[in-house]
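Enquirer: fold the following for me, if possible:
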Amino acid sequence: MPVLATDQDINSFLNTHDRWARCDNGLTCEFTAPSFEKAIALVNSVAKTAEQLDHHPDIDIRWTSVTFTVSTHSAGGITSLDFELAMAIGAAAAKCFG
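Expert: Predicted coordinates for the structure are as follows:
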């Protein structure tokens, strides 16, 4: 089982990834796509990465707004898996939205 991140680890991540915020036992970030189709493209891209990592975010889609929340439920909070997935989500958004 992955080890929970320390508050220092989490704060360090948040200081260098300012789109993300701590929310309860996870990290969350909202992206606004230029269209609904682009929002779904982002979700599909993240789904492929999540399958490769075997670590899956919670996803909320509302028209062009997509909110991702990452947490390692089996560990009860944020782990290095969540940092890795959050960075992959950010990279996917940059690629999808240009």
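
Enquirer: which residue is nearest the centroid of this protein?
Expert: A86 (3.6 Å; C-alpha atoms, centre = their mean).

Enquirer: all helices of the chain, in order?
Expert: 7-16, 36-53, 80-97 (DSSP state H).

Enquirer: number of nearby residues for A93?
Expert: When neighbours are defined as other C-beta atoms under 10 Å, A93 has 21 of them. (C-beta placed from N, C-alpha, C; glycine too.)

Enquirer: find the nearest non-adjacent residue to it, please.
Expert: Nearest non-adjacent residue to A93, counting by C-beta to C-beta, 6 or more residues apart in numbering: F31, 4.9 Å away.

Enquirer: can I assume that neighbour is in contact with A91?
Expert: No: using C-beta atoms under 8 Å, F31 makes no contact with A91, being 11.9 Å away.

Enquirer: re the thing from before, for the residue nearest to A93, list the residues it contacts.
Expert: Listed by C-beta atoms under 8 Å, 6 or more residues apart in numbering, the contact set of F31 reads 19, 39, 42, 65-68, 93, 97.

Enquirer: low-confidence ranges, the chain, go.
Expert: By pLDDT under 70, the chain contains no weakly predicted segment.

Enquirer: tell me who's in contact with the closest residue to A39 other than its chain neighbours.
Expert: Once flanking residues are discounted, A39 sits nearest to A33: 3.8 Å by C-beta to C-beta, 6+ apart. Residues in contact with A33 (C-beta under 8 Å, 6+ apart) are 39, 41-42, 64-66, 96-97.
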